[in-house]
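Visitor: Let's see this in three dimensions:
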Amino acid sequence: MNGEHFTVMSVAGLDALMIKDADAGLNDRFGRAADLWTGARKLKSSPARATVKVEGRRFHQGNITCVLVGNVKDVFGGIEVFDGSRPDDGLLEIGIVTAKRLTQWARTVSRVVLGRAEHSPFVVTTRASKMRVIFDRPTAYELDGGVRKATKELRIKV
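Guide: Numbering: from 1, shown residues only. Below is the predicted model:
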């Protein structure tokens with residue numbers, strides 16, 4: 001992504017802000033709850049407008065609160081985000097979240113926890129070997145938990 005390698009997952013938007021703002025002291029004391037706390041505080045952030053191209057074709061255009069790119073199906077706590085994802089298939093999974101309000105996020109997270117993310121009206125997913133995300137403003141992102149400088153464009157390829 002943008003010339004750097006990642007192994008498991010990369011996220012842009014709300015989740016990256018959450019990781020960025022949960023400082024080490026807070027994480028040491030409260031663990032994953034620190035991320036949830038900072039994430040709840042960031043829900044007031046307005047979504048970015050973005051265009052997502054997959055294999056050179058427009059896949060999504062509009063408001064986005066989170067873009068998740070993964071190479072495995074499970075994330076923290078064994079929650080399956082990308083059904084059928086395999087690290088050796090030459091494809092990455094992409095998930096776009098458009099939830100804005102707390103109620104929309106609650107619905108989205110509950111469906112993800114139940115293994116039914118694809119049934120959320122606030123989530124779209126696909127898999128590909130090449131993706132590009134163009135934001136309307138600099139947007140925070142992270143690679144395998146390491147926060148990077150905000151950018152207006154993500155170029156992702158296998």
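
Visitor: Whichever strand or helix holds R58 pairs with which strands, parallel or anti?
Guide: Assigned by DSSP states H and E, R58 falls within strand 57-64. Strand pairing for strand 57-64, using DSSP bridges, gives strand 48-54 (antiparallel).

Visitor: I'd like to check what contacts the strand it pairs with. Which residues are they?
Guide: For strand 48-54, contacts defined as C-beta atoms under 8 Å, 6 or more residues apart in numbering pick out 13, 58-65, 67, 94, 96, 126, 128, 130-137, 139. No exception for glycine: its C-beta is placed from N, CA and C like everyone else's.

Visitor: model confidence over it, on average?
Guide: The average pLDDT within strand 48-54 is 95.

Visitor: same thing with stretch 111-121?
Guide: On average, stretch 111-121 scores 74.

Visitor: Quick one: low-confidence residue ranges for the chain.
Guide: Scanning the chain for pLDDT under 70 picks out the ranges 15-45, 74-81, 113, 115.

Visitor: Geometric centre of it: which residue is closest?
Guide: Nearest to the mean C-alpha position of the chain, by C-alpha atoms, centre = their mean, lies L68 at 2.6 Å.

Visitor: Excluding residues flanking it in the chain, which one is nearest it?
Guide: Leaving aside its sequence neighbours, L68 sits nearest to G95 (C-beta to C-beta, 6 or more residues apart in numbering; 4.2 Å).
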